[in-house]
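In: Could you look at this predicted model? Sequence included:
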Amino acid sequence: MLANFDGSNAQIQWQRFCDLLWYERDLGIWLDVSRMAIGQADLDALAPRFELAFAAMAALEGGAIANPDEQRQVGHYWLRTPELAPDAATTAHINAEVERIETFGREVLDGSLCAANGQPFTDVLWIGIGGSGLGPLLMVRALQEEGQGLPFHFFDNVDPAGMSRTLAGLDGRLATTLVVVVSKSGGTPEPHIGMEQAQARLEARGGQWAAQAVAVTMIDSKLDQVAVAGQWLRRFDMFDWVGGRTSITSAVGLLPAALVGADLRGFLAGAARMDALTRVSDLLHNPAALMAAAWFVAGHGQGKRDMVVLPYRDRLEVFSRYLQQLVMESLGKKHDRGGEVVHQGIAVYGNKGSTDQHAYVQQLRDGIDNFFVTFIEALEEPSDIPPIGDEIPGDFLDGFLQGTRSALMEGGRQSLSITLRRFDATALGALIALFERAVGLYAELVNVNAYDQPGVEAGKKAAALILALQERLEALLSDGQERSLQELQQALGTDSPESLFWILRHLCANPRGYQVTGDWGAPASMKFAKV
Ligand SMILES: O=P(O)(O)OC[C@H]1O[C@](O)(CO)[C@@H](O)[C@@H]1O
């Protein structure tokens, strides 16, 4: 019988620690959910839901249409255990892609595959957004060793100032930069616009686009067609049944791993091992189920507590951003699968544990109690950071983690902890697989589709309407006549002048040939004309 969470009773908490501790020797991972408010009654109450959740995950892995809104299978688990794929052709295809990625990475790094000017590749410009950008960023930040592999640069949105800075940094090396354009759908505007900018600048600097460009996308997508027609250097498949936020064990994460010389096979093996461990249909012996149950109880099954991710390892600084997409895009849903309005989700934030202690941990300890912390630590330390006197940095880091963990409990705050014996590619694969499965199980508990993203589609459609409105506005003003916002609104038939004001404020801040009179603080006083 599990005792209830009681932050004021050290003995009870120690007993809970022992009762709930999950440990796996081969991976060297511990999970401790004893400081989450989960009790025996919760475990009993959740047991039937978990039976259904385990069955649903088994069906998903077996090839069911687990994303009914898009009529898609959900197969990211097959990527690390290809023999699980529903048919032999898919298994062979996954295996072949991994080998192609490995070979390509090796050839680029050893110089047997060069840029068109005969020089070895010097840099990678990675163009992708959402899962097509965050996963690669995590891989590179987490796994690249100093001086190993190629330096990576990212276009992960269409900020012209960001693109300008990145291209300026690459300037003299653009002819030896490998450009990887990543979009599962192949139709997302951001990577498309980034690609156009990269191609134009690269060609202006003497590069040869086709010999330097790589596409990662679904076969026959718009991007794939461009890559085929343009005879790009390589194309890698981003399978139909892999979602953006769970694509890190596809080419999306494996290609960066190969290009920074990381242990791609170890990464896949870590994920595969964790998949096996989280397939166990026994709540107390399944770490993903323990996490999902703890999240559920903490947030009353309604996401009422945020997940604060505190990794005590700089290499995991991007992990909370990665989890933001994985958790929030998967769980943040208006409707459940029965069509009821539920407004589900769990908010995620965090940076680096020890650093955040001197930023917002103050509020966690003493302020509003609307969160639970996820501590992540790695025990092994590099050998080139010696003790100075009697001060060993790793001991301080451990002390700071334990100190924050204790201080939170004293304040009645909840936390869970993941301890890695060592941080490496295998551990990263395992960590990602752990969260993927926990999110999948949690989605089953709260009955939402974790694999669609209708809210994002709504934003995309609204953005397209604004761009179309800008086109009509510019066409109207092209006659040189001066007009107020009200006149523009009437002519264009919009329900308010607000969007027009935003568009014009942007246009007038740049040399686009617009003339403005009046006061920007009093929109009704303003008149606009194209000169
Ligand atoms: O890889 P794509 O198709 O360009 O999509 C990028 C991202 O956009 C989304 O579809 C919606 O934000 C994400 O799920 C995805 O990771």
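Out: Everything's here; your move.
In: Helices of the stretch 151-300 of the chain, residue ranges please.
Out: Assigned by DSSP state H, counting those that start in this stretch, the stretch 151-300 of the chain shows helices spanning 160-170, 189-204, 209-212, 222-229, 251-259, 264-277, 287-298.
In: so what does the following helix or strand past the last one touch, helix or strand wise?
Out: Translated: helix 287-298. Next in sequence after helix 287-298, counting helices and strands by DSSP states H and E, comes strand 306-311. Under the contact criterion of 3 or more C-beta pairs under 8 Å, 6 or more residues apart in numbering; DSSP states H and E, the helices and strands touching strand 306-311 comprise helix 319-323, strand 348-349, helix 353-356, strand 371-378. From N, CA and C alone the C-beta is placed, and that goes for glycine too.
In: List the pairing partners of the second one within its sheet, with orientation.
Out: The pairing partners recorded for strand 348-349 under DSSP bridges are strand 306-311 (parallel).
In: quick one: average confidence on the strand it pairs with?
Out: The predicted model gives strand 306-311 an average pLDDT of 98.
In: Could you pick out the residues of the stretch 201-350 of the chain near the ligand for me?
Out: Applying C-beta under 6 Å from any ligand atom, we find that the stretch 201-350 of the chain lies next to the ligand at 244, 245, 329.
In: and of those, the nearest to the ligand?
Out: Nearest to the ligand among these is residue 244, at 2.2 Å by C-beta to the nearest ligand atom.
In: any idea how far the residue nearest to that closest one when sequence neighbours are not counted is from residue 323?
Out: Of all residues not flanking residue 244 in the chain, residue 131 sits nearest, at 3.1 Å (C-beta to C-beta, 6 or more residues apart in numbering). From residue 131 over to residue 323 the distance is 12 Å, taken as C-beta to C-beta, to the nearest Å.
In: For residue 401, give its distance to residue 24.
Out: Between residue 401 and residue 24 the computed distance is 21 Å (C-beta to C-beta).
In: In terms of neighbours, single out the busier of these two.
Out: Under the criterion of other C-beta atoms under 10 Å, the comparison of residue 401 against residue 24 puts residue 401 first, with 20 against 15.
In: pretty sure the more buried one contacts residue 375?
Out: Yes - if you go by C-beta atoms under 8 Å, residue 401 and residue 375 touch, sitting 6.0 Å apart.
In: Are there residues contacting both of the two? Which ones?
Out: Contact criterion C-beta atoms under 8 Å, 6 or more residues apart in numbering; residues shared by residue 401 and residue 375: 310, 312, 353.
In: Not counting its neighbours along the chain, what's nearest residue 289?
Out: If the residues on either side of it in the chain are set aside, residue 289 comes closest to residue 283, at 4.7 Å by C-beta to C-beta, 6+ apart.
In: Tally up the residues packed near the one you found, please.
Out: The burial count assigned to residue 283 is 19, neighbours taken as other C-beta under 10 Å.
In: For it, which residues are in contact?
Out: Taking C-beta under 8 Å, 6+ apart as the definition, contacts of residue 283 comprise 43, 46, 47, 50, 289, 290, 293.
In: interface residues of the protein facing the ligand?
Out: In this structure, the chain approaches the ligand at residues 129-132, 183-185, 188, 191, 244-245, 329, 453, 456, judged by C-beta under 6 Å from any ligand atom.
In: Name the nearest of the residues you listed relative to residue 509.
Out: When the residues of the chain next to the ligand are ranked by distance to residue 509 (C-beta to C-beta), residue 129 comes first, at 24.4 Å.
In: got a list of what that closest one touches?
Out: Neighbouring residues of residue 129 by C-beta under 8 Å, 6+ apart: 156, 157, 183, 188, 190, 191.
In: nearest spatial neighbour of the last one, skipping sequence neighbours?
Out: Distances taken as C-beta to C-beta, 6+ apart put residue 183 closest to residue 191, at 4.6 Å, once the chain neighbours are dropped.
In: name the element residue 345 belongs to?
Out: Taking DSSP H and E as the criterion, no element holds residue 345; it sits outside all helices and strands.
In: and the gap between the residue lying closest to it once chain neighbours are set aside and the ligand?
Out: With sequence-adjacent residues excluded and distances taken as C-beta to C-beta, 6+ apart, residue 345 is closest to residue 332, at 3.5 Å. Spatial separation of residue 332 from the ligand under the definition C-beta to the nearest ligand atom, to the nearest Å is 11 Å.
In: Check residue 317 too.
Out: Taking C-beta to the nearest ligand atom, one finds residue 317 at 20 Å from the ligand.
In: How many neighbouring residues does that residue have?
Out: Residue neighbour count, defined by other C-beta under 10 Å, stands at 16 for residue 317.
In: and if you look at residue 83?
Out: 9.
In: what's the closest non-adjacent residue to it?
Out: Leaving out its chain neighbours, the residue that sits closest to residue 83 by C-beta to C-beta, 6+ apart is residue 91, at 5.6 Å.
In: what's the average pLDDT for stretch 56-64?
Out: 97.
In: Show me the strands in the stretch 401-531 of the chain, by range?
Out: Counting by DSSP state E, counting those that start in this stretch, residue ranges of the strands within the stretch 401-531 of the chain are 414-420, 483-484, 514-517, 527-530.
In: For these, please prepare TSV with the additional fields mean neighbour count.
Out: Below are those laid out as TSV (neighbours: other C-beta atoms under 10 Å):
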stretch	mean neighbour count
strand 414-420	22
strand 483-484	18
strand 514-517	14
strand 527-530	17
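In: Can you read off the pLDDT for the one residue sitting closest to the centre of the chain?
Out: Taking C-alpha atoms, centre = their mean as the criterion, residue 322 is the residue nearest the geometric centre of the chain, at 3.1 Å. With respect to pLDDT, residue 322 has a value of 98.
In: residues in contact with it?
Out: Residues near residue 322 by C-beta under 8 Å, 6+ apart: 134, 135, 137, 138, 248, 432.
In: In the stretch 1-150 of the chain, what residue lies closest to the ligand?
Out: Closest to the ligand within the stretch 1-150 of the chain is residue 130: 2.6 Å, counting by C-beta to the nearest ligand atom.
In: Test my guess that that residue contacts residue 244.
Out: Yes - in this structure residue 130 lies within contact range of residue 244 using C-beta under 8 Å: 4.9 Å.
In: before we move on, the earlier item: now neighbour count and pLDDT too, for the contacts of residue 129, in a markdown table please.
Out: Rendered in a markdown table, the data for the contacts of residue 129 read as follows (neighbours: other C-beta atoms under 10 Å; pLDDT from 0 to 100):
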| residue | neighbour count | pLDDT |
| --- | --- | --- |
| 156 | 19 | 97 |
| 157 | 14 | 97 |
| 183 | 29 | 97 |
| 188 | 21 | 95 |
| 190 | 19 | 96 |
| 191 | 31 | 98 |
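In: Max pairwise distance over these: which two?
Out: Between any two of the contacts of residue 129, the greatest separation by C-beta to C-beta is 13.0 Å, found for 157 and 183.
In: What about residue 389, how many residues nearby?
Out: Taking other C-beta under 10 Å as the neighbour definition, residue 389 ends up with a count of 5.
In: Residue 397 versus that one, what's the distance?
Out: Counting by C-beta to C-beta, the separation of residue 389 from residue 397 is 17 Å.
In: Can you report how many residues lie near the residue nearest to residue 345?
Out: The tally of other residues near residue 332 (other C-beta under 10 Å) stands at 19.
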